[in-house]
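Colleague: Fold the following.
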Amino acid sequence: MNSLIKLELTRALRNRKFLFFSVIYPSVLFLIIAGNADSTTTVPGSALTLPTYMMVSMASFGALTAVLMGNSERIAKEREGGWVRQLRLTTLPGRGYVLAKTASAAVVSLPSIVIVFAVAAAVKDVRLDAWQWLALTGAIWAGSLVFAALGVALGYLASGDAVRPITMITYFGLSMLGGLWMPTTTFPGWLQDIAKWLPTHAYAALGQAIEQSHAPHAQDLVILVVSFVLFAGGAAWLYRKDTLKA
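Modeller: Alright, predicted model coming up:
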């Protein structure tokens, strides 16, 4: 499994288009959204300024891009190209394949998180304590595993032609409705009620709690844990189902 993780990392790091959208794109969006915001006005419903609030949102968005978009399309293409069929001839178990894909995608997500933080600190003068920077990095990085597992599941759910539109709908839907592009406090009340149950909303809420030196809400932790179990379990089941069909 370690060899497969190394191979996945090498392939991802050689894909310049993937690196741009997962590493550079979130930082550019952060500058567009928070570029003209001042450092005193707070986001309604929180004690955070817009740059501080959007820093976590865009770091989460970047990690989501790296693990979801990278995994789903690559797996669907590997299935059609016969690579997964070759792996089945080895001793690698289904759970090992899912874990390898999830772990390698999570490693690739780390640069996107760090670069958004660096841009926020350098351009918008976002300042936090050292423990907060470390806790934010760890929380967002660990939380990306939830969406890495979702990416694996989508890669086995759809064919190579269908996986992109399905992934894009999932990707943009989770990003927008989860509040990664704009605070959910600007949504209508009924939409806020929906957003608070989405894993992307819980994901960003972890970082925002750390920025305010608060403990994460239990509901957010439960949503992320349950989502990971469902996505990872679904990915493993789809992998086994695909094996039986082959």
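Colleague: list the contacts for the most centrally placed residue in the chain?
Modeller: Centroid check for the chain by CA atoms, centre = their mean gives Leu64 as the closest residue, at 2.0 Å. With contacts defined as CB atoms under 8 Å, 6 or more residues apart in numbering, the neighbours of Leu64 are 144, 147, 171, 174-175, 180, 200, 203. Every residue, glycine included, has its C-beta placed from N, CA and C.
Colleague: Go through stretch 128-138 and flag the buried ones.
Modeller: Using 16 or more other CB atoms under 10 Å as the test for burial, stretch 128-138 gives 128, 133, 135-137.
Colleague: Local confidence estimate at Leu134?
Modeller: pLDDT for Leu134: 95.
Colleague: Could you name the specific helix or strand carrying it?
Modeller: helix 130-157 (DSSP states H and E).
Colleague: and the helix or strand following that helix, how far out from the chain's middle?
Modeller: Past helix 130-157, further along toward the C-terminus, the next helix or strand under DSSP H and E is helix 163-177. Helix 163-177 sits 12 Å away from the centroid of its parent chain (CA atoms, centre = their mean, to the nearest Å).
Colleague: Give the other helices and strands that helix 163-177 contacts.
Modeller: Helices and strands touching helix 163-177, by 3 or more CB pairs under 8 Å, 6 or more residues apart in numbering; DSSP states H and E, are helix 50-64, helix 70-81, helix 130-157, helix 189-195, helix 199-211.
Colleague: So which elements touch the longest helix along the chain?
Modeller: Looking across the chain with DSSP state H, the single longest helix is helix 94-123. Using 3+ CB pairs under 8 Å, 6+ apart as the contact test, the elements touching helix 94-123 are helix 2-14, helix 25-34, helix 50-64, helix 70-81, helix 130-157, helix 218-245.
Colleague: Now tabulate those in CSV and tack on distance to Leu110.
Modeller: Formatted as CSV, the helices and strands packed on helix 94-123 follow (distance: least, CB to CB, whole Å):
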stretch, distance to Leu110
helix 2-14, 11
helix 25-34, 13
helix 50-64, 8
helix 70-81, 13
helix 130-157, 6
helix 218-245, 18
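Colleague: how about these, which one is nearest Ala106?
Modeller: Closest of these to Ala106 is helix 130-157, at 5.2 Å (criterion: CB to CB).
Colleague: who are the neighbours of that closest one, in terms of helices and strands?
Modeller: helix 50-64, helix 70-81, helix 94-123, helix 163-177, helix 199-211, helix 218-245.
Colleague: ok and the longest one relative to helix 199-211, angle-wise?
Modeller: To tie it back to what came earlier, the one meant is helix 94-123. Angle of helix 94-123 versus helix 199-211, following axes from the mean of the first three to the mean of the last three CA atoms, to 10 degrees, is 50 degrees.
Colleague: Report the angle between helix 94-123 and helix 50-64.
Modeller: Going by the same axes, to 10 degrees, helix 94-123 makes 150 degrees with helix 50-64.
Colleague: And for the fourth one?
Modeller: The directions of helix 163-177 and helix 50-64 differ by 160 degrees, with the same axes, to 10 degrees as the criterion.
Colleague: angle of helix 163-177 against helix 130-157?
Modeller: Angle of helix 163-177 versus helix 130-157, following the same axes, to 10 degrees, is 150 degrees.
Colleague: If you count neighbours, what's buried in helix 163-177?
Modeller: Residues of helix 163-177 classed as buried: 163, 167, 170-171, 174-175, 177 (neighbour count, 16+ other CB under 10 Å).
Colleague: Out of the helices and strands packed on helix 163-177, point me to the one whose mean pLDDT is lowest.
Modeller: For the helices and strands packed on helix 163-177, where the average pLDDT is lowest is helix 70-81, sitting at a mean of 72.
Colleague: Format the helices and strands packed on helix 163-177 as a markdown table; extra columns: distance to Gly35.
Modeller: Formatted as a markdown table, the helices and strands packed on helix 163-177 follow (distance: least, CB to CB, whole Å):
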| stretch | distance to Gly35 |
| --- | --- |
| helix 50-64 | 9 |
| helix 70-81 | 27 |
| helix 130-157 | 21 |
| helix 189-195 | 25 |
| helix 199-211 | 19 |
